[in-house]
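Engineer: Build the 3D model from these lines:
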Amino acid sequence: GDSLPLNTKIKCTEAKDNHVEHRELGEFMDFCEQYIIGDNGMLVDMTFLPRIKEGEIRLLMLYNTPVNVVHKKPAEDADAFSATLFSGAKYRYDKPEDWKTLVDMFLGELPKV
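Structural biologist: Residues are numbered from 1 along each chain as shown. Next up is the predicted model:
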């Protein structure tokens with residue numbers, strides 16, 4: 001594929017708090033260098049989750065017993081995709097019975113985890 005010039009304008013959304021920054025590609029690459037230096041340096045190239053606005057599900061367990069299912073829904077802002085409380089996401093705590101199919105599927109696979 002073709003490469004982009006380093007002065008290409010890009011739009012970045014911070015996953016922690018959903019704030020938006022507009023940068024040049026070269027500036028962004030220079031900024032990212034701090035994350036790849038050293039023994040533990042790394043960057044993750046992750047595909048955007050197109051259905052994240054529907055929220056994410058977290059199953060809270062106490063040993064092998066489901067305690068809660070948390071439905072984490074991002075803020076309604078246009079650029080929001082983070083499901084952290086810090087970013088304005090809403091959390092709803094449900095009983096495991098409310099998510100029976102999902103919980104049963106997970107519990108069936110739990111010995112492999």
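Engineer: how close does residue 75 get to residue 90?
Structural biologist: Note on residue 75: its distance to residue 90, by Cβ to Cβ, to the nearest Å, is 8 Å. From N, CA and C alone the C-beta is placed, and that goes for glycine too.
Engineer: Looking at the two, which one has more neighbours?
Structural biologist: When residue 75 and residue 90 are compared on other Cβ atoms under 10 Å, the one with more neighbours turns out to be residue 75, at 18 against 13.
Engineer: residues in contact with the more buried one?
Structural biologist: With contact set as Cβ atoms under 8 Å, 6 or more residues apart in numbering, residue 75 has these partners: 18, 87-90.
Engineer: switch the cut-off to 10 Å
Structural biologist: The contact partners of residue 75, taken as Cβ atoms under 10 Å, 6 or more residues apart in numbering, are 17-18, 53, 81-84, 87-90.
Engineer: Quickly list what's touching both of residue 75 and residue 90.
Structural biologist: residue 83.
Engineer: How about the longest strand seen in the chain, which residues are buried there?
Structural biologist: Longest strand of the chain, by residue count under DSSP state E: strand 65-73. Using 16 or more other Cβ atoms under 10 Å as the test for burial, strand 65-73 gives 66, 68-73.
Engineer: Now do the same contact list for residue 67.
Structural biologist: Residues near residue 67 by Cβ under 10 Å, 6+ apart: 59-61, 93, 95-96.
Engineer: In this structure, mark out all the strands, start to finish.
Structural biologist: Listed in chain order, the strands of the chain (DSSP E) span 9-13, 20-24, 56-62, 65-73, 90-94.
Engineer: So which elements touch the first one?
Structural biologist: Contact analysis of strand 9-13 by 3 or more Cβ pairs under 10 Å, 6 or more residues apart in numbering; DSSP states H and E lists strand 20-24, helix 25-36 as its packing neighbours.
Engineer: I'd like to know which elements the last one is packed against.
Structural biologist: The one in question is helix 25-36. strand 9-13, strand 20-24.
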